[in-house]
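1. Okay, predicted coordinates and the sequence, questions at the end:
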Amino acid sequence: MVITRDKVLEWIKRYADLLAENRDYLTQLDAAIGDADHGANMDRGFKAVLSKMPEIADKDIGTILKTVGMTLLATVGGAGGPLYGTLFLQAGMKTTGKMELTLEDWINALEAGITGVKNRGKAELGDKTMIDALVPAWNALKQAAENGSNLGEALDRCARAAEEGMKATIPLVARKGRASYLGERSAGHQDPGATSSYLMLRAAAEVWRDA
Amino acid sequence: MKKLINKPEDVVREELEGMALAHPDLIRVHFDPNYVVRVDAPVKGKVGVLSGGGSGHEPMHGGLVGIGMLDAACPGAVFTSPTPDQMLEATKAINGGAGVLHIVKNYTGDIMNFEMAADLARAEGIEVESVIIDDDVAVQDSLYTAGRRGVGSTVLAEKLCGAAAEQGRSLKEVADVCRKVKDWGRSMGMALTSCTVPHVGRPTFDLPEDEMEIGIGIHGEPGRTRMKLKPADEIVEMLMEPIIKDIPYKPGDEVLLFVNGMGGTPLIELYIVYRKAHQIATQHGLKVVRNLIGSYITSLEMAGTSITLLKMDEDMIKLWDAPVKTPGLRWGM
């Protein structure tokens, strides 16, 4: 079972749709502890990505992901632009020339993306950021693969772990990003970046489950 | 939401179009990517001074572009950092061969986008120095936060660095002026009301009629404490004490006192704030040698104020007094 290039395009499209549907929800989460722009920024960025899709639809997966990264970098702004831009750029470098991805390839690409996010944002697990969804999700993905799960199962576990990680940000006190200015008052709110990261992995599970 | 706008998504573009029509003698506006640039840029042999940030803080930064202040400003979406491609193009547009200073406010998004832009500009052979302004004493500076926010001192840094660049100083010397402002300036703000981001359509936080928020930033982000409204004199004490305690000012030190409006507070109230802030500074033995009073770094229509104290030396006073001609600030020419 492999993830074809068309499935990668479908994933990006599905993620863009989820961001559009959740635009106000993400912005509300951000209004509570940040500056009320995350939903609008991500939606604007992925609308720009969608408009680029026709030009890149016949390229390799690496080129597609790198184009997504560059587009996000130029259109999202805020912290989300450099962070998601870096995630897709790094994942794109790991998949250069590929026309399909095995589970192993996806594990490696996601790892490269997460490492890029950590280097750019300098956040660690427990800082109440997107890392809190991404790292447990990657661990679950890796674990599932080692246990011999098939692609669909592994992706489901990955999305579930992301969801749990996202929910686990609620009691945390933010130590990175604009929410950290609130100190203790940031506790009790779900992190918007962890939420948009969960949506990304949920989109992958939905679209690639039956690959 | 009640705002003088057409469509929320057109706010920044239409504002820039208005500025271009209003000030063709001072600035040019470039679209896609968006930046405001001094009309005669690049000035050969002069250090370029660039800043940028989310929109919604006008006149900062675009309204502070012109002679003796910024060479260019990159406006992002409302309350959202601009992107590296804007910053790179603006940096190239103002590089007169002597390098470019990036004045960056300490917010996670601004830092990351400016870092990427500086890397790209250096890769194209442009010398870039970046100075990060982080003067908000309302935020505890510790390993466990993103650090203090950049607020009021940014406006003062842009004036002083712009004047230094105009005199023909080197990139390092202009950056040194900026680092002095970073070290010697401290600010704190408060809000009487929240503000509404156009594409969100409702206030960022709810603040009941009889309450205020102390220690707010400039993006409608809530502050550290909320309390019942108090008379202006008591509010000014609450802002001034942490500022004065934070820098070991000595009696006899000369300072610039900047009383800033957050966008929805009239000048009549800002002078009431200035009166008390001046009294408190004087009681601490500080000599207020220069001042700035008005709405320069705003948070849309938020009502409230921020106070900035900047310790001054002889050179900084000269730079402050030097001529400046921008849409938002002008004297001496």
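-> Done, it's in. Residues are numbered from 1 along each chain as shown, chains lettered A, B, ... in the order given.
2. what's around A:R5, how many residues?
-> Neighbourhood size, A:R5 [other C-beta atoms under 10 Å in any protein chain shown]: 19. C-beta: built from backbone N, CA, C; applies to glycine.
3. what sits against it?
-> A:D60, A:I61, A:I64, A:M99, A:E100 (C-beta atoms under 8 Å, 6 or more residues apart in numbering or on different chains).
4. now B:G263
-> Contacts of B:G263 (C-beta under 8 Å, 6+ apart): B:C195, B:S295, B:T298, B:S299, B:L300, B:E301, B:M302, B:A303.
5. among the residues you listed, which two are most distant?
-> B:C195 and B:S295 (12.8 Å; C-beta to C-beta).
6. Using the three-state scheme, assign the nearest residue to B:T298 once chain neighbours are set aside.
-> Spatially, and ignoring its direct neighbours in sequence, B:T298 is nearest to B:G263 (3.6 Å; C-beta to C-beta, 6 or more residues apart in numbering or on different chains). Under DSSP: H, G, I helix; E, B strand; the rest coil, B:G263 falls in the coil class.
7. B:G263 and B:S295: what is the separation?
-> 6 Å (C-beta to C-beta, to the nearest Å).
8. Give me every residue in the stretch 201-333 of chain B lying close to chain A.
-> Within the stretch 201-333 of chain B, the positions near chain A by C-beta under 8 Å from any C-beta of the partner chain are B:T204, B:F205, B:G217, B:H219, B:G220, B:E221, B:P222, B:R224.
9. How confident was the prediction at the first one?
-> Put plainly, it is B:T204. With respect to pLDDT, B:T204 has a value of 84.
10. list the contacts for it?
-> So B:T204 contacts A:A31, A:D35, A:A36, B:S194, B:C195, B:T196, B:V197, B:H219, B:G220, B:E221 (C-beta under 8 Å, 6+ apart).
11. List the buried residues for stretch A:10-17?
-> A:E10, A:W11, A:I12, A:K13, A:R14, A:Y15, A:A16 (16 or more other C-beta atoms under 10 Å in any protein chain shown).
12. Just the strands from chain B, written as ranges.
-> B:27-30, B:35-38, B:48-55, B:72-78, B:100-105, B:128-133, B:185-191, B:211-214, B:225-228, B:254-261, B:287-294, B:304-311, B:324-325, B:330-331 (DSSP state E).
13. Now mean pLDDT and distance to A:D210 too, for those, in JSON lines please.
-> Formatted as JSON lines, the strands of chain B follow (pLDDT from 0 to 100; distance: least, C-beta to C-beta, whole Å):
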{"stretch": "strand B:27-30", "mean pLDDT": "98", "distance to A:D210": "48"}
{"stretch": "strand B:35-38", "mean pLDDT": "98", "distance to A:D210": "47"}
{"stretch": "strand B:48-55", "mean pLDDT": "97", "distance to A:D210": "42"}
{"stretch": "strand B:72-78", "mean pLDDT": "96", "distance to A:D210": "38"}
{"stretch": "strand B:100-105", "mean pLDDT": "98", "distance to A:D210": "47"}
{"stretch": "strand B:128-133", "mean pLDDT": "98", "distance to A:D210": "49"}
{"stretch": "strand B:185-191", "mean pLDDT": "96", "distance to A:D210": "52"}
{"stretch": "strand B:211-214", "mean pLDDT": "94", "distance to A:D210": "51"}
{"stretch": "strand B:225-228", "mean pLDDT": "92", "distance to A:D210": "51"}
{"stretch": "strand B:254-261", "mean pLDDT": "98", "distance to A:D210": "58"}
{"stretch": "strand B:287-294", "mean pLDDT": "98", "distance to A:D210": "62"}
{"stretch": "strand B:304-311", "mean pLDDT": "98", "distance to A:D210": "55"}
{"stretch": "strand B:324-325", "mean pLDDT": "98", "distance to A:D210": "65"}
{"stretch": "strand B:330-331", "mean pLDDT": "98", "distance to A:D210": "65"}
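14. Can you list the low-confidence ranges for the stretch 51-200 of chain B?
-> For the stretch 51-200 of chain B, the stretches with pLDDT under 70 are B:141-144.
15. So which bits of it are right by chain A?
-> Residues of the stretch 51-200 of chain B lying near chain A by C-beta under 8 Å from any C-beta: B:54, B:76-85, B:107-109, B:112-113, B:116, B:138-140, B:144-146, B:149, B:197, B:199-200.
16. quick revisit: now for B:C195 and B:S295: what residues contact both?
-> B:M262, B:G263.
17. Of those two, which one has the most company?
-> B:C195 (27 against 22).
18. Surely that one and B:T265 touch.
-> No: B:C195 is beyond contact range of B:T265, at 11.9 Å (criterion: C-beta atoms under 8 Å).
19. can you tell me which residues contact residue 159?
-> Reading this off chain A. Taking C-beta under 8 Å, 6+ apart as the contact definition, A:A159 lies against A:A137, A:Y198, A:L201, A:R202, A:A204, A:A205.
20. hm, I was asking about chain B
-> B:L64, B:G68, B:M69, B:L319, B:W320, B:V324, B:L329.
21. try it again with 7 Å
-> For B:K159, the contact set (C-beta atoms under 7 Å, 6 or more residues apart in numbering or on different chains) comprises B:M69, B:W320, B:V324, B:L329.
22. can you check B:I67 too?
-> Counted by C-beta under 7 Å, 6+ apart, B:I67 has contacts B:V324, B:K325.
23. Show me the beta-bridge partners of it.
-> B:K325 (DSSP bridges).
24. Could you report the separation of it from B:D253?
-> 30 Å.
25. what do you get for B:M333?
-> Taking C-beta to C-beta, one finds B:M333 at 30 Å from B:D253.
26. the more surrounded of these two?
-> Using other C-beta under 10 Å as the criterion, B:M333 and B:D253 rank with B:D253 on top: 19 against 10.
27. hang on, isn't the more buried one packed against B:L286?
-> Yes: the criterion here is C-beta atoms under 7 Å, and B:D253 meets it with B:L286 at 5.5 Å.
28. how many neighbours does residue 83 have?
-> By default, I'm working from chain A. Using other C-beta under 10 Å, A:L83 has 29 neighbouring residues.
29. Actually, chain B is the one I wanted.
-> 29.
30. OK, contacts around it?
-> Counting by C-beta under 7 Å, 6+ apart, B:T83 has contacts A:L73, A:A74, A:T75, A:G77, A:G81, B:N113.
31. For the third one, list the residues it contacts.
-> Shown here is A:T75, whose contacts under the criterion C-beta under 7 Å, 6+ apart are A:R44, A:G45, A:A48, B:T83.
32. Just the pLDDT for the closest residue to A:L199 other than its chain neighbours.
-> Closest residue to A:L199 apart from its sequence neighbours, by C-beta to C-beta, 6+ apart: A:L18 at 4.6 Å. The model reports A:L18 with a pLDDT of 98.
33. A:L18: helix or strand, and which one exactly?
-> helix A:5-21 (DSSP states H and E).
34. in stretch B:196-209, what counts as buried?
-> Going by neighbour count (16+ other C-beta under 10 Å), the buried part of stretch B:196-209 is B:T196, B:V197, B:P198, B:H199, B:V200, B:P203, B:T204, B:F205, B:L207.
35. likewise stretch A:119-130?
-> So for stretch A:119-130, counting by 16+ other C-beta under 10 Å, buried means A:R120, A:G121, A:A123, A:D127, A:K128, A:T129, A:M130.
36. Helices - which of the contacts of A:R5 land there?
-> Counted as lying in helices by DSSP state H, out of the contacts of A:R5, are A:I61, A:I64.
37. pLDDT and distance to chain B for the contacts of A:R5 - can I get that in JSON lines?
-> Conversion of the contacts of A:R5 to JSON lines gives the following (pLDDT from 0 to 100; distance: C-beta to the nearest C-beta, whole Å):
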{"residue": "A:D60", "pLDDT": "97", "distance to chain B": "24"}
{"residue": "A:I61", "pLDDT": "98", "distance to chain B": "24"}
{"residue": "A:I64", "pLDDT": "97", "distance to chain B": "20"}
{"residue": "A:M99", "pLDDT": "97", "distance to chain B": "29"}
{"residue": "A:E100", "pLDDT": "97", "distance to chain B": "31"}
